[in-house]
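1. Structural data only, the sequence is not supplied:
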């Protein structure tokens, strides 16, 4: 078994059954044959999800209340539609970053912030 990158922020990939899997969050990745080492990949373990939630709420309250930072309704709807079809979306929660993603609270989640992004870059 080969372990790559033990840093808390990044996945701790272990090579098991011909694939790389993070021992902290379970993320699996495919690696091209010409690149046998996994990339640095942000880890979204349950602990990291809780840290992300707390940070996002704090930042939103402190910095994002300015109306210039609020995304318009079309952007929120577009992002939400992508989340709905994502394999990591369950029970109105993103299982990658831990954020609540719901239309009931449009303006207190990351869908409404112009500067936020999807943790796996879908939007």
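-> Now that the structure is in, tell me what you want to look at. Just so it is clear, the model here is predicted, and its values are computed rather than measured. Numbering: from 1, shown residues only.
2. would you list every one of the strands in this structure?
-> With DSSP state E applied, the chain shows strands at 3-4, 13-16, 19-22, 28-29, 89-90, 93-94, listed in chain order.
3. What pairs with the fifth one, parallel or antiparallel?
-> According to DSSP bridges, strand 89-90 has the following sheet partners: strand 93-94 (antiparallel).
4. what about the partner strand, average pLDDT?
-> Along strand 93-94, the predicted confidence averages to a pLDDT of 88.
5. what comes into contact with it?
-> Contacts with strand 93-94, where a contact means CB atoms under 8 Å, 6 or more residues apart in numbering, come from 83, 86, 88, 99-101, 118-119. All C-beta atoms are positioned from the backbone trio N, CA, C, and that covers glycine.
6. State which helix of this structure is the longest.
-> For the chain, the helix that runs over the most residues, judged by DSSP state H, is helix 46-63.
7. Contacts for that one next, please.
-> If you take CB under 8 Å, 6+ apart as the criterion, helix 46-63 is touched by 8-9, 24-25, 44, 69, 95, 97-100, 108, 110, 113, 116.
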